Structures are given as structure tokens and as C-alpha cells.
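Participant: Need the 3D shape of this:
(chains A and B)
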Amino acid sequence: MPQAEMPARVADHGNGGALDRARRRVYLPMLLPALILYVVLYVAPAIAGMLISFTTWSGLGAEATWVGFQNYVDLFRDPVFLAALGNTLALTLIVGVALFIIVSASMIVLRSTKGRAFIRSAVFVPAIISPIAIGVSVSFMFNPKGLVNGALGAVGMGALQRPWLGPDYILSIIVLGVIWSAAGFYAVLLMSAVDSIPESLFEAARLEGASLFQQFRHITLPLTRDMFSTAAVLWVIAGIKTFEIILAVTGQAGIPPIQARTLAIEQYLRVTTGESGGIPQLGSATAIGVVMTAITVILIILSRRIARRTNLEL
Amino acid sequence: MGRNRTDVAPPLLSAFEYFVSFAIKASLWLWVLFNVAMVVWIFFNSVKTPRDIFANPGLPASWQWSNYWTALATSGLGIAAVNTVVIVAISVTAIMGLSLPAAYALARLGGKSKGPIATLFASGMSVPIQALTVPLVLISAGLSRFMVEWVFGTWDPRITVVLFYVVFGLPFTVFVLVGYFRSLPAELEEAAALDGAGPFRTFRSVMLPLARSGITTMVVLNVLGLWNETVIVLLLIPNQQMQTLNVALLNFYSAMQYTSDWGGLFAGIVIVIMPMILLYFFVGRRVISGMTEGLGK
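Facilitator: You can find the predicted model right below:
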């Protein structure tokens, strides 16, 4: 610490040593309450979690046995886990691509659209609504006697009616629900970046005869790349842990079917014993958490590399 | 702006472009319409009889306001609403009480250690909560056992939930507030110091008032996040009397196969979403700018 003080004091020009010392004195008292709580209840448990993933354990009071990488080996041989892994990656990827398309399309026309402040507020609404409420509503719309099948019947397309919440279609319904509930947030995020581009650039481009798409490709896209990168990171973080909406969409049926399970759902079932008849599998559940963290980190790095430039201060 | 200049430009849009641009605009408005229709549909369903809900997608045949009463009293959403309000209020107060001084210290006071510590907080944002699920359950069980056997003889899992809400709120809140404090002018601090105010006094009487809009934004974002939180309550609170609105709604929905109180279910959805829609109605601009600017940094 003593070495650290010298250059900082020199850098804080014109303040004098006394003020600097006073500042340094309150630094720790102001910082420590938050820092200690964060380290004890966030950082330490996260590390402890990694250790638990090398054991088999069913909870406090039971014996924990060290098994090394056995939980991980078992997970990658377990068809249920692999299905959940596949579902999670598919959901994150499909929704991610859909979001990119929706957001880009709205950015192309945004500047010339009337009432865009209103559009912005209205599409943002799902971002502030509980995913449970969204899931329950979506689930109700698609239930066998619900709005969607009713509408299909009413317009004479009864042949298209499906048991939407059955195992064959449920993941698609969930994907649709997630796209609907997430798109507004990302659209608004990117719209705010577009707004900060000076209008003169677009004017010059128009004078040169650039088409709307060329303007998007050569002005909007490069100048909002940082925000695209941030949005991609945020979506990966959010997408990998998709949980509530699935619980709500499948809520009436009890335990979500394998076709609708994400890693978060699968982990939840292993912690709460919903699946294997009573015994929590804490070891393999934490292993799932570790796998999810690893995937998140890998995807964040990938999506940043794709966007080439980094901006989020991590 | 600059309309007369663009008039001399070559034809602005080709026919194809015009068509695509029109199609996108139309879809945007359809999207808006769909969102509004969803909210209206949910509201109408909340005042219908079950038969009316299934038979008729439009206006209610008769307005069943009693659905709200059954949702609140019979189906446990009333007590859940009280739990939610209390838990969210205490948690957000504590998050702000801890984050503000910490963020100020990290932005303005510290030496070399402040950079790495700020990064430590920020990196918490990319750890999914699932990495902490099991430790969370274990800590909660251990804490409750310790309190019951050694300290109070009793323990309320809602306190544990508040504790973790606070901890999980810290990374994002500290991260955004550090950026916010850094953006405030340093001259005012120096002026306060010249007038003889100590650093803590400067923080309290100069910086906090200056940061008021940032503080309000973070309060709103934390309220939104915690109001809609489900996972931690599901994991830590088994007792239905102590659960929050989202979990109560989930329970309500899974009981539907026995009760078929569909009107009550939609009343429940309205009870869960309406406070946040109202909040959004009053401070929507702040919500949007807070989310976008805080994250865009």
C-alpha cells in the first residue's frame, strides 16, 4: 500500500497531502461494508460451489464424498443433461439471431419513422414485466382451448391447431415467448445508440446517393458496434440462464418435460429433488452451475471477438 | 432538419427499399399494437367468468371485479403482495445504503486498489446465479439452523432472502454508480474541501445531492429487478405464507387444474404486473435511459 500512495498523490494535483490523507482515511470505511458482504456471500460461495461440484452430497447433515471429476463425466453421459444443454444453446442461439434481425430491421427505418418515442416506450414494456406473468399468459394463449387454437378454428384453419404445450412444440413456444419478451429491451438499447450518431453523417450519405441499407451497413452498424457487442454480451448472460418463463409456461403440467428443460431448470430440479424422487444431487447440480458459468464466459468472449471491439468495462 | 438539402439529392428510395422500409414500419406498429393488446386482453380476462374467458376474446359480458378479491384473499396473493413490498423495500434501501458509499470510494477516494476492486464487483455481473444456487441453499439452511439453535430460537427465511437480494444487487449497482460518480465534476469536491468539509461530509452534502438522478434510476432498476425475482424465493422459502408475488402466481397457476379460477388467475397477473407498469408510466424515461446508459458505458 505505501508505494501505491505516492503516485496517486502526485496525480491528484493541487490537493495537497492533508486532503489526500483525509480521503484515504474514509476510503476503507466507505468501501468495506459492501465489499465484505460481497466477498463473503458472493465470491466465496461461488468458489465453494466449484469445490462442491467435485463431491456427491445430498445436503447439510449428510456425508459429502470427494469424487473428483466424476460428476462432470456423468453429466456428459446423461441424456437428460445433454438435452438440457442442447436446448439451452439452441434457445440462446435462435433467440439471439432473431433479436439481431429484429433490432437491425428497426434500426434501418428508425430515423424516418413517425412516433418513434411512442414505439420505443411500447415495445419496452415486456422488459419490465415479470417473466412469470409473461410465461403464464403465453401458456394460456397456447393451451388447447386457448386463444391461438380458437383463432385458427375461427378463420377455418382448424387443421393447423396443435397441442402447442405438448412436448413436440413447447420449446418453440418458449422461444417465441422469449423473443417477444426480450426484443423490446434490445431494440431500445440499440435505438439509443443510433440516436447518438450525428444526423449530418446520414445527410451526407443521402447526398451521395447511399441507399437505406448502405447507410445501415456503412454508418449505423460500424458506429453502434460497441453497443451491439454490449447487447450480445447481455443477451448471452440472460439467455443461458433462461428459467422463469419455462417454469411458468410448463407450470400447469408440473415438472417441465425434457424437451423444455434448460440447464437452469435441470439444475433446479436436481437441487429441489423434483426429479429423482427425494434425494437432492448437490454435487451434480453445482457441476451444472459451473458448466453454465463456463459457457457464459466462453460465449461472452466469442461474441465480443465477433464484434471485435470491447466496450463493457469488466 | 436539412429537408431542402435532401431535395436536391438523387431519388431517395428505390421501389424495393420503399417497400422494405414500409414493411418494417408496419411490423413495428403491429408489434406496438400486439403489446397493447396483450395488456388489454389480460385486463379483460381478469374481470371475466371462466366461461366468458374461453368463449369470448373481447369485452367482458359482465364485469367480475370479485376476481380480484378471490385472488387476494383466497389464493394468497394478498399476503404475497405484502411480503413482496416489504422485502423489496428493505432490500433496495440496503443495496443503496451499501453501494453509494462504496461506489463513491471506488470512484474518487482510493489508491491503486480501487481499479481491481471495481473490476471484482463488475465481474459478478457475468456470473449466472446458477453458479451460486447450491451454496445459497446451504448457507440459508446453515444460517437458519444456527439462528434457531444458538441465537433467537427462531428464524425467518425472508431475512435470508433479503440478505441475498442485497448481495446480488451490489455488482450492477456499484458498477453503474462508480461510472456515475466518475462523471461528476471534481471541482465541486475540491471547493467543498477548501471550505473545510471532510471527505465524508463532501460525499453526504455535495456528491449525494448531485447524484440524485443517478440514485433514483438505480432505485427504480433495483425495484424492477427484485419485484420480478423468482428463483431465490423458490429456493429458499418453502412456506407459502412467506413467498412473494411471482411464486404465489406460479402456485396459483399450477393449482388451476383443481380450482379452474381462470378469472382469478388473470386478476393475479394484473396484481403482479400493474405496479411495475405504473412505475414505468411515471418514470419510464428514467428506466430506459438508466438501463441503456448504465449498460452502454
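Participant: Residue B:195 is in contact with residue B:205, correct?
Facilitator: No. Using Cβ atoms under 8 Å, residue B:205 makes no contact with residue B:195, being 10.5 Å away. Quick note: C-beta positions are derived from backbone N, CA and C, even for glycine.
Participant: the helices in the stretch 51-200 of chain B, which residues?
Facilitator: Across the stretch 51-200 of chain B, reading from the start of the chain, the helices by DSSP state H, counting those that start in this stretch fall at B:66-69, B:77-104, B:114-123, B:133-146, B:157-183, B:187-194, B:199-202.
Participant: List phi and psi for residue A:129.
Facilitator: With angles defined as degrees, to the nearest 10, residue A:129 shows backbone torsions of phi -100, psi 140.
Participant: Please name whichever of the helices of the stretch 51-200 of chain B is nearest to residue A:69.
Facilitator: Taking Cβ to Cβ as the measure, those were each checked against residue A:69, and helix B:133-146 came out nearest at 17.2 Å.
Participant: Same question for the closest one: list its buried residues.
Facilitator: Along helix B:133-146, the positions that meet the burial threshold by neighbour count (16 or more other Cβ atoms under 10 Å in any protein chain shown) are B:133-141, B:143-144.
Participant: Between these, which sits nearest residue A:71?
Facilitator: For residue A:71, the nearest member of the buried residues of helix B:133-146 is residue B:134. The distance, counting by Cβ to Cβ, is 11.6 Å.
Participant: Once you drop chain neighbours, what's closest to that closest one?
Facilitator: With sequence-adjacent residues excluded and distances taken as Cβ to Cβ, 6 or more residues apart in numbering or on different chains, residue B:134 is closest to residue A:286, at 4.5 Å.
Participant: So for residue B:200, what pLDDT did the model give?
Facilitator: In this prediction, residue B:200 carries a pLDDT score of 81.
Participant: so it sits right up against residue A:30, yeah?
Facilitator: Yes. Counting by Cβ under 8 Å, residue B:200 touches residue A:30, with 7.4 Å between them.
Participant: So which of these two has more stuff around it?
Facilitator: residue A:30 (23 against 17; other Cβ atoms under 10 Å in any protein chain shown).
Participant: What separation do you get for the more buried one and chain B?
Facilitator: Between residue A:30 and chain B the distance is 4 Å, computed by Cβ to the nearest Cβ, to the nearest Å.
Participant: That residue: what's it in contact with?
Facilitator: In this structure, residue A:30 makes contact with B:101-102, B:104-105, B:109, B:200, B:203, judged by Cβ atoms under 8 Å, 6 or more residues apart in numbering or on different chains.
Participant: first vs last residue of stretch B:187-202, how far apart are they?
Facilitator: 12 Å (Cα to Cα, to the nearest Å).
Participant: how far does it sit from the chain's center?
Facilitator: Mean C-alpha position of stretch B:187-202 versus that of the full chain (Cα atoms, centre = their mean, to the nearest Å) differs by 34 Å.
Participant: which of the residues in that stretch are buried?
Facilitator: Across stretch B:187-202, burial judged by 16+ other Cβ under 10 Å covers B:189, B:192-193, B:197, B:199-200, B:202.
Participant: Report the entries of these that also contact chain A.
Facilitator: Intersecting these with the contacts of chain A gives B:193, B:199-200 (criterion: Cβ under 8 Å from any Cβ of the partner chain).
Participant: Kindly reformat those as a markdown table containing distance to residue B:83.
Facilitator: Putting those into a markdown table (distance: Cβ to Cβ, whole Å) gives the following:
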| residue | distance to residue B:83 |
| --- | --- |
| B:193 | 45 |
| B:199 | 39 |
| B:200 | 35 |
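Participant: Just give the closest residue to the residue most central in space within chain A, not the sequence neighbours.
Facilitator: By Cα atoms, centre = their mean, the mean C-alpha position of chain A lies nearest to residue A:238, the distance being 0.8 Å. What sits nearest to residue A:238 in space, not counting adjacent residues and going by Cβ to Cβ, 6+ apart, is residue A:182, at 7.2 Å.
Participant: Contact partners for the one you found?
Facilitator: For residue A:182, the contacting residues are A:95, A:99, A:126-127, A:235, A:238, taking Cβ under 8 Å, 6+ apart as the criterion.
Participant: now, which of those residues lie within helices?
Facilitator: The helices in this structure, assigned by DSSP state H, contain A:95, A:99, A:235, A:238 from the contacts of residue A:182.
Participant: quick one: the first one and residue A:181 touch, right?
Facilitator: The one in question is residue A:95. No. Using Cβ under 8 Å, residue A:95 makes no contact with residue A:181, being 9.9 Å away.
Participant: Between these two, point out the one with more neighbours.
Facilitator: A count of neighbours by other Cβ under 10 Å puts residue A:95 above the other of residue A:95 and residue A:181, at 23 against 20.
Participant: what's the pLDDT at the more buried one?
Facilitator: Per-residue confidence (pLDDT) for residue A:95: 95.
Participant: Include distance to residue B:254 when you put the buried residues of stretch B:187-202 into a markdown table, please.
Facilitator: Formatted as a markdown table, the buried residues of stretch B:187-202 follow (distance: Cβ to Cβ, whole Å):
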| residue | distance to residue B:254 |
| --- | --- |
| B:189 | 55 |
| B:192 | 57 |
| B:193 | 60 |
| B:197 | 57 |
| B:199 | 54 |
| B:200 | 51 |
| B:202 | 54 |
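Participant: Kindly indicate which of the residues you listed lies nearest residue A:267.
Facilitator: residue B:200 (43.5 Å).
Participant: so what's that closest one up against?
Facilitator: For residue B:200, the contact set (Cβ under 8 Å, 6+ apart) comprises A:26, A:30.
Participant: Equivalent analysis for the one 3 residues further on, please.
Facilitator: Residues counted as contacts of residue B:203 (Cβ under 8 Å, 6+ apart) are A:26, A:30, B:101, B:104.
Participant: Highest neighbour count among the residues you listed?
Facilitator: For the contacts of residue B:203, neighbours were counted using other Cβ under 10 Å, and residue B:104 has the most, 28 neighbours in all.
Participant: which residues touch that one?
Facilitator: When contacts are counted by Cβ under 8 Å, 6+ apart, residue B:104 touches A:30, B:177, B:181, B:203, B:207.
Participant: same thing with residue A:268?
Facilitator: Residue A:268 makes contact with A:243, A:247, A:274, B:133, B:231, B:234-235, according to Cβ under 8 Å, 6+ apart.
Participant: That one sits in which helix or strand?
Facilitator: Element membership of residue A:268 [criterion: DSSP states H and E] is helix A:263-272.
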